[in-house]
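S.K.: coordinates only, sequence not included:
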């Protein structure tokens, strides 16, 4: 592959992987406006976010194995097409219930881009070449959540919340065109899995009988739950409780994402001295402590806005260390069914995250409700890590360390 071809590949894969974070996060500054327009409760509006996460989770479970059987291009282009259609229909949604259903459909379409984008990396590269490409894609995955709320806030300056979905539809049109013109089929017929439904179910059954794997993906899911509690509650907390504008909220949200990205990049250096298990254990313990500080400050009002932001950003940094290490340890155990293992990992991450979003709304739209779910997620991740995953029993080799580093 020439340098130019590799550059094009990074661009298209980065755009594919960015669809998911953009679909979730560009919408966040709009939540209070939707609540007011339809006179709905915050919990009801947050269910539209839950729908997106459920679509992303369930979609990966189906589309991952499907792409192993049919190839990458057809499911990918079909998925982007579904995302575009759902985005257009969201623009004209007449009520909250219809919007929620369309957000599920939007999540299903985005799931195709995310899971197949990573599958294409595995099709084309192995070892260090794959790790280098994934490291570049991690920057895209990190930048998308930073930019998305800011873009959403800018869009809201010019139009209503429906304009956000116009932007997402146009982005999807650009991506499907770019992918159709530049991305070849990367899974040849002779490498496709032909076990059908029975083979897929057999692979999933094998995964569910691996205690350490299940424990690790639950840890990844609970860490993601803490992140999505922040995603679901932050717009209400910072805009309504602390009086930030939509644009100020975008910058505050981006600050947390910067900390998360910085932690994922620092993980590369940390792996030179410690194993993924050691880093994961320490990061989750630190995250649980900072989650407790966050909850205490939210309940007492200590420190005001700074008292919320400081421990919150530290929790996100701890999650940034957990995100690469827990999946790397989990996926290293099932190289023979990496696509299916990655699909189940993604489904659990987004599924558990989907449960945390309405929980924030049920507990209230203030800082205490958001902080309680974040702290609970980090504490639960520690419990699962020690009772089920048992990291001290997991054997780590160099390939796992390379995967976690990137």
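M.R.: Received, thanks. Bear in mind that the values here come from a model prediction, so they are computed numbers and not experimental data.
S.K.: quick one, strands of the stretch 201-350 of the chain?
M.R.: Counting by DSSP state E, counting those that start in this stretch, the stretch 201-350 of the chain has no strands at all.
S.K.: report the buried residues of the host helix or strand of residue 123.
M.R.: When elements are assigned from DSSP states H and E, residue 123 belongs to helix 96-124. For helix 96-124, the neighbour count (16 or more other C-beta atoms under 10 Å) marks 96, 99-124 as buried. All C-beta atoms are positioned from the backbone trio N, CA, C, and that covers glycine.
S.K.: same question for stretch 169-184.
M.R.: Within stretch 169-184, the residues that qualify as buried are 169, 171, 172, 175, 176, 179, 183, counting by 16+ other C-beta under 10 Å.
S.K.: can you give me the pLDDT of residue 193?
M.R.: Per-residue confidence (pLDDT) for residue 193: 72.
S.K.: and it, what is it in contact with?
M.R.: 65, 68, 69, 199 (C-beta atoms under 8 Å, 6 or more residues apart in numbering).
S.K.: need those in JSON lines with secondary structure and neighbour count, can you?
M.R.: Output for these, formatted as JSON lines (DSSP: H, G, I helix; E, B strand; the rest coil; neighbours: other C-beta atoms under 10 Å):
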{"residue": "65", "secondary structure": "helix", "neighbour count": "25"}
{"residue": "68", "secondary structure": "helix", "neighbour count": "25"}
{"residue": "69", "secondary structure": "helix", "neighbour count": "16"}
{"residue": "199", "secondary structure": "helix", "neighbour count": "16"}
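S.K.: specify which member of those is nearest to residue 209.
M.R.: Nearest to residue 209 among these: residue 199, at 16.2 Å, using C-beta to C-beta.
S.K.: just give the closest residue to the closest one, not the sequence neighbours.
M.R.: Among residues not flanking residue 199 along the chain, residue 193 sits closest, at 6.2 Å (C-beta to C-beta, 6 or more residues apart in numbering).
S.K.: helix/strand/coil for that neighbour?
M.R.: Reducing the assignment at residue 193 to three states with DSSP: H, G, I helix; E, B strand; the rest coil gives coil.
S.K.: ok, it to residue 319 distance?
M.R.: With the distance defined as C-beta to C-beta, to the nearest Å, residue 193 ends up 33 Å from residue 319.
S.K.: low-confidence ranges, the chain, go.
M.R.: Within the chain, the set of residues satisfying pLDDT under 70 comprises 1, 126-143, 145-146, 195-196, 331, 334-339, 354, 394-406.
S.K.: let's go with 50 and repeat that
M.R.: Low-confidence segments of the chain (pLDDT under 50): 127-128, 398-406.
S.K.: thinking again about what came up before, a markdown table for the buried residues of stretch 169-184, including distance to residue 249?
M.R.: A markdown table is the format used below for the buried residues of stretch 169-184 (distance: C-beta to C-beta, whole Å):
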| residue | distance to residue 249 |
| --- | --- |
| 169 | 24 |
| 171 | 21 |
| 172 | 25 |
| 175 | 27 |
| 176 | 31 |
| 179 | 32 |
| 183 | 35 |
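S.K.: and the furthest pair within these?
M.R.: Greatest spatial distance in the buried residues of stretch 169-184: 169 and 183, 20.3 Å, computed using C-beta to C-beta.
S.K.: for residue 159, what are phi and psi?
M.R.: Note on residue 159: its backbone torsions stand at phi -150, psi -170 [degrees, to the nearest 10].
S.K.: can you check residue 244 too?
M.R.: Dihedral angles (degrees, to the nearest 10) for residue 244: phi -80, psi 150.
S.K.: how near is it to residue 237?
M.R.: In terms of C-beta to C-beta, residue 244 sits 9 Å off from residue 237.
S.K.: now do residue 156
M.R.: Counting by C-beta to C-beta - residue 156 and residue 237 are separated by 18 Å.
S.K.: equivalent analysis for residue 101, please.
M.R.: Counting by C-beta to C-beta - residue 101 and residue 237 are separated by 27 Å.
S.K.: burial measure for residue 245, as a count.
M.R.: Neighbour count for residue 245, taken as other C-beta atoms under 10 Å: 13.
S.K.: does residue 355 count as helix, strand or coil?
M.R.: helix.
S.K.: which residues touch the nearest residue to it once chain neighbours are set aside?
M.R.: With C-beta to C-beta, 6+ apart as the criterion, residue 355 has its nearest non-adjacent residue at 6.9 Å, and that residue is residue 225. By C-beta under 8 Å, 6+ apart, the contact set of residue 225 is 352, 353, 355, 356, 373, 377, 380.
S.K.: so residue 244 and residue 237 - more neighbours on which side?
M.R.: Of the pair residue 244 and residue 237, residue 237 is the one with more neighbours under other C-beta under 10 Å, namely 26 against 19.
S.K.: who's in contact with that one?
M.R.: Residue 237 makes contact with 308, 365, 366, 367, 370, according to C-beta under 8 Å, 6+ apart.
S.K.: can you get me a residue count around residue 240?
M.R.: Neighbours around residue 240, by other C-beta under 10 Å: 15.
S.K.: equivalent analysis for residue 375, please.
M.R.: Residue 375, neighbours per other C-beta under 10 Å, totals 25.
S.K.: now it: how far from residue 352?
M.R.: According to C-beta to C-beta, residue 375 stands 15 Å off from residue 352.
S.K.: now residue 362: which helix or strand?
M.R.: helix 338-363.
S.K.: after that helix, which helix or strand is next?
M.R.: Taking DSSP H and E, what comes next after helix 338-363 is helix 367-384.
S.K.: right, I'll call it a day here.
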